[in-house]
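Engineer: What follows is a predicted structure for the sequence shown.
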Amino acid sequence: MGRCTTRSTRRHIGAVLAAVLLAPLVIGLAADQGGDQFLDGIGETALVARYLLGGNAEDSSRNHLHATLHGSGAAYVEDPRFGRVLELAGNGSYVQLPGNALAGEDAISVAGWLYLPTGGSGPVFDFGQSASTRLFASVGATGGFSAGFAAGGARGGTEPGPVPVNRWVHLAVVLDPANRLLTTYLDGARAGQAANVGVTAAQLVSQAAADANRLFLGRSHDEGGSTLHGRLRDVRVYRVVLTGAQVAAINSAASARQGGRGRGGTPAPEISTAAIPRESPSAARLERVPDIQAETIVGRLPRLPREIPAVYRDGAPGPKVRVIWPAPKDNLQVAAPGAYTVRGTVPGTPFEPNATVTVKPAGKAGPAPARTVESFALGRVVLNQDTKGRDTPFIRNRDKFIKGLAAANPDSFLYNFRDAFGQPQPAGATQLGGWDNQTTRLRGHASGHYLSAIAQAYASTTYDEALRANFLQKMNYLIDTLHDLSQKSGRPATGGGPSNGDPTQVPPGTGRAGYDSNLRAGAIRTDYWNWGKGFISAYPPDQFIMLEKGATYGTQDTQIWAPYYTLHKILAGLLDCYEVGGNRKALEIAQGMGAWVNARLRALPAETRISMWSRYIAGEYGGMNEVMARLYRLTRDRQFLECAKLFDNVTVFFGNADHDHGLAANVDTIRGKHANQHIPQMTGALETFRSTGERPYYDIADNFWDIATNGYMYAIGGVAGARTPNNAECFTAEPDSLWEHGFASGGQNETCCTYNLLKLDRQLFMYDQTAKYMDHYELGLYNHILASVAEDDPGNTYHVPLNPGAQKRFGNADMSGFTCCNGTALESHTKLQDSIYFRSADDRTLYVNLFVPSTLDWAERHVVVRQRTDFPYADTTRLVIEGSGAFDLKIRVPRWATGGFFVSINGRVQAQTAVPGSYLTLRRTWRPNDTIDLRIPFTFYLAPVMDQPNVASIFYGPVLLAAEESAPRSDWRPVTLDAGDLAKSVTGDPATLRFAIDGVPFKPFFETYGRHSVYLHVRLR
Ligand SMILES: [Zn+2]
């Protein structure tokens, strides 16, 4: 989901220049945004909760971790500096945060304002489980401010420092486990520091038992529970280690304004890079990196090769080298026929190869790509156990989710819909938490994912009729309920009552002057008869209308979250219930809402839509273009295809309103952008192409894929994790710069992004059967999607942190409180089998893409294929054909298969030339029980960060290996490897995928639940 930064460099040159003297880059961005997502230069993904305490104890961050005020001695009082503030009288009143607020975090920073009257003192905060397990800060009766910790018998803290009374002071406490420091700040300056602090936030706050956590503001865990006598305002809790500069920025920002914003900055890397040379280990062996020639046509930037063959000294063999080419921000270089030269760099070497690009006239466009390959229905492919009768990682993860989905109560997922329509809740219905609680303006998003998951689970569980019946019953119940609600919209509540059926004429709520996003119980508008026919959502139509009128993202009633993002989930869920689950009523609901959307959007000027779709988060629309094009494909009603194009993100797709460049011209318009806001727009562009045949839409998706997977991708196959801009959900500010800009302290690789990239892989593959798409699919499936689930339950990741010594954080094990990634996880794990096999549309070719034990029912050919394997715990697989006929079997030869690819049919070795990163075709008339044996020897290989050749991940075949760590790290895990043959440096057992390097244990990242390092500081010997 979206929260990071879009930026329009040209518009903000002035702001950026002005900012350079203060803080490079970030001020320009922050000034651009509005809202709190980049508050004081710190990306909102780093913020756990923010309590303004200006009249209530609500959390004004996106997480809605609302706190509770306890005791009778507290009051919100007028204050000359901040307006209303919370006053605690020291007589037992305090604030309590939800117990799950900090569960599973590694670091904690707390910052806030305190006012002590003469004689005032007491605890400021105390987070933990008891007096022996906690992190706390207090002002002692004699006036000293200090922070302390206790855990497992260890105790410590900072020296007390004086706190002035009768004025506001800004306090901050930062627990930095990687550097073993606990630091206090007073008015932006460091006040105290304790070293050798051997405690992490995860030890203090239980992830497994959130109920055991007691997180207090103004109260102590000490016996007697002493409470604060003083005033509090704007207390923020962060999940990252705030730097001194950031603390100072928060302090000075609030000093300089009331509600304004101050300077921030790109933080320096927290992880030491000092010991890591920039020089490539192969620099000394390189003799020359040759220049290259490339071609393109007018208007379209060329695709220059990221890797080119190099010449090594004395004619020695060696790998291709990674070249970083300039990435222009427009296509002026290719405006006319001719030739030009650009110079690349080879990171860590002095070599600068030239590329001479010939620009040819555009000429006549070639034929548009054709969709010649189709997937199999989910129920036609069943996952099997391995050859030893063990559940595979795929089966284990599938079953965690299937079990959770079968047990979940559909009424929880209908709760907010009934609430929006003012309908009673059935007995036992409970509201979801997370981003679906009463007041969250994204509520309903999880219900959309749930609809998709239930449809997929129904379609997939052909192996268990009882489960299938459970999911069918759930799906029908959900759709019947939503259908009834959608029928109410725009129709009189009672015979002869008032109503408005026109989507463009929705009035403000009864008795309100305008539109608002107030969803509080008792305040939410429920006059569905005024909403226009066809409307369905888990909140009233106001957020959609406010977006048209310019509303920004935020948590005030005048602000919105992302109405079309939520709607995309709901519509996609409905279409999945129809297309995958066969429920006809679901399509009717989607048609009604699709027409509602089209009616509103087509009435808007183009400039308004461009403004909406480029508005940070507020205009995040998921894949609305995709569901609209899909709705057209399923109904042939042209209004939906026209509506799909109304969602064109013009500046990203086409550069500007004149369609001068953009992704359609292979210009990188995604730099610094929120990754997950934009990836679904690409699958939407491709779906638009599918029905229109308009080539630019194909090029947008295809060029995006090329740019994202080459210029912005991490080892696990995911994207996003920027330090510049400082937001873990963004692409880095420039391509090919993960080392320079890409390791945010808040984490990397939002799991939704990889879910969406895999969708894009599949859909592009259906047009173009080059192996690169399924190579990426395998990479992301094994090393991110499989790796994103908790060991024993369906808890799953949001970001996957790839910093050294980090650990995954799993949420939503009980399916009761969803983030965006908890939502896409429901979908990913109910369709794990969907890309193992594909068929050509003419049923003459079967593609085998993945080596997963499974049974395929190719009903069109009356052929069943059984794949038996222990892969990846073995490097072999066997395919047995049941049935007969002449067809091509195309088997993916993975790009990592550099150790050979061996095929035998019915025991007879086949003389085949298999090229890594291609498909091997086996053409014959197949007979019953024909058996194909494949052996693909795994090798160890390094995948370096593109701009730092000495930092790399290590793979064994398709499997990313992670170093197991016992503590947070402040440096990159060093390893020394044999330069000629990595295997000489590794011991272990391929059958268990457990290895060791330099005495450090390594195992698959998809089996890693503790601390890990997936990027290593590599020295070669
Ligand atoms: Zn997400």
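Structural biologist: That came in fine, so what should we check first?

Engineer: Let me see the contact set for Asp399.
Structural biologist: Shown in contact with Asp399 (Cβ atoms under 8 Å, 6 or more residues apart in numbering): Asp391. Backbone N, C-alpha and C define where each C-beta goes, glycine included.

Engineer: again with the one 5 residues further on
Structural biologist: Shown in contact with Gly404 (Cβ under 8 Å, 6+ apart): Asp793, Pro794, Asp814, Met815.

Engineer: Out of those, which comes closest to Asp998?
Structural biologist: Asp793 (33.8 Å; Cβ to Cβ).

Engineer: Look at the closest one and give its secondary structure.
Structural biologist: Judged by DSSP: H, G, I helix; E, B strand; the rest coil, the three-state class of Asp793 is coil.

Engineer: Which residue is the nearest non-sequential neighbour of it?
Structural biologist: Nearest non-adjacent residue to Asp793, counting by Cβ to Cβ, 6 or more residues apart in numbering: Ala813, 4.2 Å away.

Engineer: Where does that neighbour sit: helix, strand or coil?
Structural biologist: Reduced to three states by three-state DSSP, Ala813 is coil.

Engineer: tally of neighbours for it?
Structural biologist: Burial measure for Ala813: 18 neighbouring residues, criterion other Cβ atoms under 10 Å.

Engineer: please begin residue numbering at 23 from this point
Structural biologist: Okay, residue one is now 23; in that scheme the one you just asked about reads as Ala835.

Engineer: That one reaches Glu813, doesn't it?
Structural biologist: No: Ala835 is beyond contact range of Glu813, at 10.7 Å (criterion: Cβ atoms under 8 Å).

Engineer: that older thread, could you flag which of the contacts of Gly426 are buried?
Structural biologist: Asp815, Pro816, Met837 (16 or more other Cβ atoms under 10 Å).

Engineer: Other residues contacting stretch 504-522?
Structural biologist: 436, 439-440, 443, 445, 523-525, 528-529, 550-558, 596, 607-608, 610-611, 614-615, 618.

Engineer: Please apply the same query to stretch 360-379.
Structural biologist: 299-305, 308, 310-318, 324, 326, 330, 332, 343-348, 355-356, 380-381, 968-972.

Engineer: Just the helices from the stretch 823-972 of the chain, written as ranges.
Structural biologist: 842-850 (DSSP state H, counting those that start in this stretch).

Engineer: which residues of it score low on pLDDT?
Structural biologist: The model of the stretch 823-972 of the chain has no residue with pLDDT under 70.

Engineer: which parts of it sit against the ion?
Structural biologist: Counting by Cβ under 5 Å from the ion, the residues of the stretch 823-972 of the chain close to the ion are Cys842, Cys843.

Engineer: ok, the residue nearest the centre of the chain - contacts?
Structural biologist: Per Cα atoms, centre = their mean, the C-alpha nearest to the average position across the chain is that of Glu772, at 2.3 Å. Residues in contact with Glu772 (Cβ under 8 Å, 6+ apart) are Ala697, Asn698, Gly740, Ala742, Ala750, Glu751, Tyr820, His821, Cys842, Cys843.

Engineer: Any figure for the gap between it and the ion?
Structural biologist: 5 Å (Cβ to the ion, to the nearest Å).

Engineer: Then Ala621?
Structural biologist: Ala621 is 30 Å from the ion, by Cβ to the ion.

Engineer: buried ones in the helix or strand hosting that residue?
Structural biologist: Per DSSP states H and E: Ala621 is located in helix 606-624. Across helix 606-624, burial judged by 16+ other Cβ under 10 Å covers 607-623.

Engineer: Stretch 654-662 too?
Structural biologist: Result for stretch 654-662 [16+ other Cβ under 10 Å]: buried residues Tyr654, Arg655, Thr657, Gln661, Phe662.

Engineer: quick revisit: give the buried subset of the contacts of stretch 360-379 as a PyMOL selection command.
Structural biologist: A single PyMOL command selects the buried members of the contacts of stretch 360-379 (16+ other Cβ under 10 Å):
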select buried, resi 302+303+304+305+308+311+314+318+324+326+330+332+343+344+345+346+347+355+356+381+968+969+970+971+972
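
Engineer: Take the contacts of stretch 360-379 and keep only those in strands.
Structural biologist: Members of those lying in strands (criterion: DSSP state E): 308, 310, 314-318, 330, 343-344, 380-381, 970-972.

Engineer: now, which of those sits nearest the ion?
Structural biologist: Nearest to the ion, judged by Cβ to the ion, of the ones in strands among the contacts of stretch 360-379 is Gln970 at 27.1 Å.

Engineer: what residues are up against the closest one?
Structural biologist: So Gln970 contacts Ile298, Arg300, Pro369, Gly370, Leu760, Trp761 (Cβ under 8 Å, 6+ apart).

Engineer: Reformat those as a markdown table; add pLDDT and distance to the ion.
Structural biologist: Shown next, in a markdown table, are those (pLDDT from 0 to 100; distance: Cβ to the ion, whole Å):
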| residue | pLDDT | distance to the ion |
| --- | --- | --- |
| Ile298 | 92 | 31 |
| Arg300 | 89 | 34 |
| Pro369 | 96 | 31 |
| Gly370 | 95 | 34 |
| Leu760 | 96 | 20 |
| Trp761 | 95 | 25 |
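
Engineer: Looking at neighbours, which among the residues you listed is most surrounded?
Structural biologist: Leu760 (26 neighbours).

Engineer: burial of Ala429, as a residue count?
Structural biologist: Neighbours of Ala429 (other Cβ under 10 Å): 10.

Engineer: go on, Met497?
Structural biologist: Residues near Met497, counting by other Cβ under 10 Å: 25.

Engineer: May I have the secondary structure class of the closest residue to Ser511 other than its chain neighbours?
Structural biologist: Closest residue to Ser511 apart from its sequence neighbours, by Cβ to Cβ, 6+ apart: Phe557 at 3.9 Å. Three-state call for Phe557 (three-state DSSP): coil.

Engineer: Same check on the one 3 residues further on?
Structural biologist: Using three-state DSSP, the three-state assignment for Ala560 comes out as coil.

Engineer: and it, how many neighbours does it have?
Structural biologist: Count around Ala560 with other Cβ under 10 Å applied: 28.

Engineer: Torsion angles phi and psi at the residue in the stretch 673-822 of the chain positioned nearest to the ion?
Structural biologist: Relative to the ion, the nearest point of the stretch 673-822 of the chain is Cys774 (3.1 Å; Cβ to the ion). When read as degrees, to the nearest 10, the backbone of Cys774 gives phi -50, psi -40.

Engineer: on that earlier part again, kindly reformat the buried ones among the contacts of Gly426 as CSV containing distance to Arg261.
Structural biologist: What follows is the buried ones among the contacts of Gly426, written out as CSV (distance: Cβ to Cβ, whole Å):
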residue, distance to Arg261
Asp815, 22
Pro816, 22
Met837, 23
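
Engineer: Could I get the full set of helices for the stretch 423-572 of the chain?
Structural biologist: Under DSSP H, counting those that start in this stretch, the stretch 423-572 of the chain gives helices at 432-442, 467-482, 487-510, 564-570.

Engineer: Which stretch among these approaches the ion most closely?
Structural biologist: helix 467-482 (10.0 Å).

Engineer: got the residues of the protein near the ion?
Structural biologist: So the chain meets the ion at Glu772, Cys774, Cys842, Cys843 (Cβ under 5 Å from the ion).

Engineer: Pull the most distant pair out of those.
Structural biologist: Glu772 and Cys842 (7.8 Å).

Engineer: any residues in contact with both of the two?
Structural biologist: Asn698, Tyr820.

Engineer: which intervals of the protein have sub-threshold pLDDT?
Structural biologist: 23-60, 276-292.

Engineer: On the three-state scheme, Gly385 is what?
Structural biologist: coil.

Engineer: is it true that it touches Ile319?
Structural biologist: Yes: Gly385 is in contact with Ile319 according to Cβ under 8 Å; the separation is 6.9 Å.
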